[in-house]
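Participant: How does the following fold in three dimensions:
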Amino acid sequence: MNWRKIKIWTKVSLLVVLAIIIIIFIASNTEKVQIKFYKWSTPEWPMYIFVISVANLGGVLYITAKRIRRIIKDVQLLMRDEKARQKAKEEIKEGVKPQIDSGKN
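Facilitator: Take a look at the predicted model:
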């Protein structure tokens, strides 16, 4: 058996275990609760709906923050590359041999 199959079956097994844990969690948290915050309140729903909703919202926020961070990093790299291009153009105009930065510090 090769490593790719082991990796796939490990992921499948973990997902099955996670699904079983979620089913057990839902079965044990069926009592109805109401969330109150100052004068705002939610309707009475089973607790698992609130917990799963908060977990999903946390996942969405994490993915969004990660993508925003990646976009900021890409913009910073583009700005650095543009500055290097401008510097090289100026050096060429002045007759100086441009020094190329590989971007690795």
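Participant: so how many other residues sit close to residue 8?
Facilitator: Residues lying near residue 8 (other CB atoms under 10 Å) number 10. All C-beta atoms are positioned from the backbone trio N, CA, C, and that covers glycine.
Participant: If you count neighbours, what's buried in the host helix or strand of it?
Facilitator: For residue 8, the host element (DSSP states H and E) is helix 3-28. By 16 or more other CB atoms under 10 Å, helix 3-28 has no buried positions at all.
Participant: Please report how far residue 57 lies from residue 77.
Facilitator: Remark: distance between residue 57 and residue 77 (CB to CB, to the nearest Å) = 31 Å.
Participant: brain fart, residue 53
Facilitator: Distance from residue 53 to residue 77, by CB to CB: 37 Å.
Participant: Could you do residue 55 as well?
Facilitator: 33 Å.
Participant: what's the answer for residue 2, then?
Facilitator: 37 Å.
Participant: List the neighbouring strands of the next helix or strand after the helix holding residue 8 plus their orientation.
Facilitator: Sequence order places strand 32-33 as the next helix or strand after helix 3-28, per DSSP H and E. Paired strands of strand 32-33, with direction, are strand 45-46 (antiparallel) (DSSP bridges).
Participant: For the partner strand, which outside residues touch it?
Facilitator: Contacts to strand 45-46, defined as CB atoms under 8 Å, 6 or more residues apart in numbering, come from residues 29, 30, 31, 32, 33, 34.
Participant: contacting residues around the residue nearest to the third one when sequence neighbours are not counted?
Facilitator: Right, residue 31. Excluding the flanking residues, the one nearest residue 31 by CB to CB, 6 or more residues apart in numbering is residue 47, at 6.1 Å. Neighbouring residues of residue 47 by CB under 8 Å, 6+ apart: 29, 30, 31, 32, 33.
Participant: let's go with 7 Å and repeat that
Facilitator: 29, 31, 33 (CB atoms under 7 Å, 6 or more residues apart in numbering).
Participant: mind checking how far it is from residue 85?
Facilitator: Noted for residue 47: a distance of 57 Å to residue 85, by CB to CB.
Participant: Pull up the per-residue confidence for the residue most central in space within the chain.
Facilitator: The residue lying closest to the centre of the chain (CA atoms, centre = their mean) is residue 63, at 2.6 Å. With respect to pLDDT, residue 63 scores 96.
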